[in-house]
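S.K.: Okay, sequence plus prediction incoming.
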Amino acid sequence: MKYINVNLCSGIDIGRLAWDNAGLPNAEWHCFELDKYANAVGRFHYPDIIRHGDARNYTKLIGKDIFLLMGGFPCQPYSVAGKQRATQDHRDLSELVFQALKDLKPEYFLFENVKMKTQWSDMMSDALGFGFKELNSKYISAQNRVRLYWFGKRVGDT
């Protein structure tokens, strides 16, 4: 089986690192990231990743047999450290991520974001059809930060 994985708002490609460290089979990776520094780090470690820039370009992959869609869309609109404008913030890409899930129809998906107001985590859970798992990053990295993770297997047209 050939795995095709997509990472929206990929940062420095930690999703790929986790995949490789888990000993999972080789996969074709497509990543979307605008930050030039994050891309430079990702290119250094993973020159084989196919980079598409802006996450809005995900439509290039419609029709491919996507195994895993992951994304850590910008957290500033939701973070308690910010203005908490959520979907009213121009940096919010949650709708784009949910649309990509519908359009790309991956077998599995994983989305991550900061701990946020219940109304917004409920909104995201409703859009995905199930709840999240709250984990502290201190168990897997040098950062002591609580994150929310939504992971699932696509069912029907989700």
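M.R.: Happy to help now that I have it.
S.K.: And the helices in this structure?
M.R.: Taking DSSP state H as the test, the helices found in the chain are 14-21, 36-45, 94-104, 118-128.
S.K.: Name the residues that touch the third one?
M.R.: Residues from elsewhere that reach helix 94-104 (CB atoms under 8 Å, 6 or more residues apart in numbering): 6, 8-9, 55-56, 58-59, 61-62, 64, 66, 69, 71, 73, 87, 109, 111, 124, 127-128, 154, 157-158. All C-beta atoms are positioned from the backbone trio N, CA, C, and that covers glycine.
S.K.: That one - what's its average pLDDT?
M.R.: Mean pLDDT, helix 94-104: 84.
S.K.: quick check: angle from it to helix 118-128?
M.R.: The directions of helix 94-104 and helix 118-128 differ by 10 degrees, with axes from the mean of the first three to the mean of the last three CA atoms, to 10 degrees as the criterion.
S.K.: rewinding a little: out of the helices of the chain, the one nearest Ile140 is which?
M.R.: helix 14-21 (8.6 Å; CB to CB).
S.K.: The closest one - contacts with which helices or strands?
M.R.: For helix 14-21, the elements it packs on are strand 3-8, strand 27-32, helix 36-45, judged by 3 or more CB pairs under 8 Å, 6 or more residues apart in numbering; DSSP states H and E.
S.K.: circling back to that earlier point, show only the entries of the contacts of helix 94-104 found in strands.
M.R.: When the contacts of helix 94-104 are checked against strands (DSSP state E), the matches are Val6, Leu8, Leu69, Gly71, Phe109, Phe111.
S.K.: and the last one, what is it in contact with?
M.R.: Going back to what we said before, that points to Phe111. Met70, Gly71, Gly72, Phe73, Val97, Met124, Leu128, Tyr149, Trp150, Phe151 are the contacts of Phe111 under CB under 8 Å, 6+ apart.
S.K.: Please work out how many residues are found near the closest residue to Ile50 other than its chain neighbours.
M.R.: Nearest residue to Ile50 in three dimensions, chain neighbours excluded: His30, at 4.9 Å (CB to CB, 6 or more residues apart in numbering). Using other CB atoms under 10 Å, His30 is surrounded by 23 other residues.
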